[in-house]
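Q: Below is the sequence, then the predicted model.
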Amino acid sequence: MKALITGATGFLGGKLVRRLHGMGWETTALGRNPSALRQIEAEGIRTIRTNLEDQNAIIDACKGQEIVFHCGALSSPWGRAQDFYDANVVGTENVIRGCMDSNVGRLVHVSTPSIYFRFAPRLNVREDAELPEPVNEYARTKRLAEGRMDQAHSDGLPVITIRPRAIFGPGDRSILPRLIQRLETGRMRIIGDGKNVTDLTYVENVVDALILCAESSPSTLGRKYNITNGEPVLLWPMIERVCKALNLKYPTQKIPYPIAHNLAGMLEWVYGLLPDQPEPPFTHYSVFVIAQSATLDISAARRELAYHPRVSIEDGFEEFIASILHK
């Protein structure tokens with residue numbers, strides 16, 4: 001099977017391209033990070049260095065492919081609106097165009113459950129749940145990208161989409177590493193009552209889901225699937241475990257959620273006025289993520305994709321901590 005993986009220099013894309021290569025697939029890794037591409041190439045995998053916004057390069061990359069996994073995106077709680085639009089909407093349009101021009105057999109799209117969230121708890125959210133006003137530019141542009149996928153499917157392109165929640169594991173450079181950096185400063189506070197529940201997803205389970213999407217029945221085409229570990233956890237006890245494992249001080253002081261939410265708004269306003277608009281110490285979205293409960297219903301993925309998380313939160317956590325300690 002010949003497959004193109006966009007975002008292959010990212011966390012999820014890198015895991016996927018290596019798994020497929022190990023399974024004997026003829027894989028092409030597409031990404032922007034030259035050093036990461038060199039590492040992938042050294043493993044015998046074909047690479048293409050380009051931006052998602054480069055339409056001609058993306059169209060060329062899709063030629064001859066049987067399946068395309070679109071993992072590439074600009075994922076961040078902060079940034080310029082145009083940058084998000086270019087990467088997540090224009091980039092997706094280019095991938096769709098390339099797949100349609102080359103009659104690619106299937107396009108598997110990685111979206112985000114961020115499109116579900118509002119600044120309040122939301123539990124057991126299903127794929128057909130009402131979508132609120134997007135909480136940030138990332139959510140807004142990924143929602144637009146899903147709309148482009150819906151139109152492509154209507155136009156005859158075989159498309160299937162997953163919405164994985166809070167991916168973690170060895171090699172993660174975003175969720176837990178950001179949290180650890182905050183803990184290392186000693187200035188982190190517990191926001192809210194510290195009893196919020198969240199979903200996490202071990203990265204290899206997401207790779208499993210992507211491969212299942214590649215091989216699923218035609219009845220799944222055009223559908224969207226939530227992907228998590230299926231075992232919601234109390235977030236702050238998990239953070240306390242991170243502190244104990246890495247010998248960091250666990251925060252004991254608490255800040256009420258409304259105060260932190262309003263403070264994040266002021267910081268976003270101030271930092272948005274600065275010339276280079278650096279990311280604030282925390283944002284509305286990051287405050288929400290660590291203070292409010294948010295979980296997904298994955299029954300559709302279990303039923304229609306035969307998705308069953310192989311790696312538990314406990315085992316995934318141990319793997320992640322070991323990767324940090326042995327750097």
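A: Nice, I can see it. Numbers count the residues shown, from 1 in each chain.
Q: Glu314: how many residues sit nearby?
A: Neighbourhood size, Glu314 [other C-beta atoms under 10 Å]: 12. Every residue, glycine included, has its C-beta placed from N, CA and C.
Q: okay, the helix or strand where it lies in CSV with CA atoms only?
A: Assigned by DSSP states H and E, Glu314 falls within helix 313-325. The C-alpha trace of helix 313-325 is given here as CSV (Å, rounded to 0.1, in the frame of the first residue of the first chain):
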residue,chain,number,x,y,z
ILE,A,313,-3.5,5.4,30.6
GLU,A,314,-1.4,3.7,33.3
ASP,A,315,0.9,2.0,30.9
GLY,A,316,1.1,5.0,28.6
PHE,A,317,1.9,7.3,31.6
GLU,A,318,4.7,5.0,32.6
GLU,A,319,6.1,5.0,29.1
PHE,A,320,6.0,8.8,28.9
ILE,A,321,7.7,9.3,32.3
ALA,A,322,10.4,6.8,31.4
SER,A,323,11.1,8.7,28.2
ILE,A,324,11.5,11.9,30.2
LEU,A,325,13.8,10.4,32.8
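Q: Now for Tyr225: which residues touch it?
A: 127, 160-163, 209, 213, 298, 300-301, 304-305, 307 (C-beta atoms under 8 Å, 6 or more residues apart in numbering).
Q: Show me which pair in the residues you listed is furthest apart.
A: Ile160 and Ile298 (15.1 Å; C-beta to C-beta).
Q: now Gln181, what's its secondary structure?
A: Secondary structure for Gln181, judged by DSSP: H, G, I helix; E, B strand; the rest coil, is helix.
Q: err, Val90, not the other one
A: helix.
Q: still on that earlier bit, looking at Ile160 and Ile298, which one has more neighbours?
A: Ile298 (26 against 23).
Q: Let me see the mean pLDDT of the helix holding Glu314.
A: Helix 313-325 shows a mean pLDDT of 91.
Q: Packing partners of it?
A: strand 201-202, helix 203-215, helix 235-246 (3 or more C-beta pairs under 8 Å, 6 or more residues apart in numbering; DSSP states H and E).
Q: I'd assumed Lys15 was in contact with His21.
A: No: counting by C-beta atoms under 8 Å, His21 stays clear of Lys15, with 11.0 Å between them.
Q: Who has more neighbours out of these two?
A: Neighbour count, other C-beta under 10 Å: between His21 and Lys15, Lys15 has more, with 22 against 19.
Q: before we move on, what SS does the more buried one have?
A: Assignment for Lys15 (three-state DSSP): helix.
Q: for it, what are its contacts?
A: Lys15 neighbours (C-beta under 8 Å, 6+ apart): Gly169, Gly171, Val203, Glu204, Val206, Val207.
Q: tell me the secondary structure for Gly24?
A: Per three-state DSSP, Gly24 ends up coil.
Q: returning to that earlier point: by how many degrees do the helix holding Glu314 and helix 235-246 diverge?
A: With axes from the mean of the first three to the mean of the last three C-alpha atoms, to 10 degrees defining the directions, helix 313-325 sits at 40 degrees from helix 235-246.
Q: So what touches helix 313-325?
A: So helix 313-325 is contacted by 168-172, 176, 180, 200, 202-205, 229, 231, 233, 238, 241-242, 245-246, 311 (C-beta under 8 Å, 6+ apart).
Q: Check which residues of that helix are buried.
A: Ile313, Gly316, Phe317, Glu319, Phe320, Ile321 (16 or more other C-beta atoms under 10 Å).
Q: That one vs helix 203-215, what angle?
A: Using the same axes, to 10 degrees: helix 313-325 against helix 203-215 is 120 degrees.
Q: can you tell me which of the buried residues of helix 313-325 lies nearest to Pro281?
A: Nearest to Pro281 among the buried residues of helix 313-325, with distances taken as C-beta to C-beta, is Phe320, at 23.9 Å.
Q: Pull up the gap between that closest one and Tyr202, please.
A: 9 Å (C-beta to C-beta, to the nearest Å).
Q: other SSEs contacting the helix-or-strand element of the chain with minimal mean pLDDT?
A: Ranking every helix and strand in the chain by mean pLDDT, DSSP states H and E puts helix 175-185 at the bottom, with a mean of 85. If you count contacts as 3+ C-beta pairs under 8 Å, 6+ apart, helix 175-185 packs onto strand 167-168, helix 235-246.
Q: So which of the ones you listed is the most surrounded?
A: Each of the helices and strands packed on helix 175-185 was assessed for mean neighbour count using mean count of other C-beta atoms under 10 Å. The highest is strand 167-168, with a mean of 23.
Q: List the neighbours of that strand that are in contact with it.
A: Residues contacting strand 167-168 (C-beta under 8 Å, 6+ apart): Phe11, Leu12, Ile175, Leu176, Leu200, Thr201, Tyr202, Val203, Val206, Gly316, Phe320.
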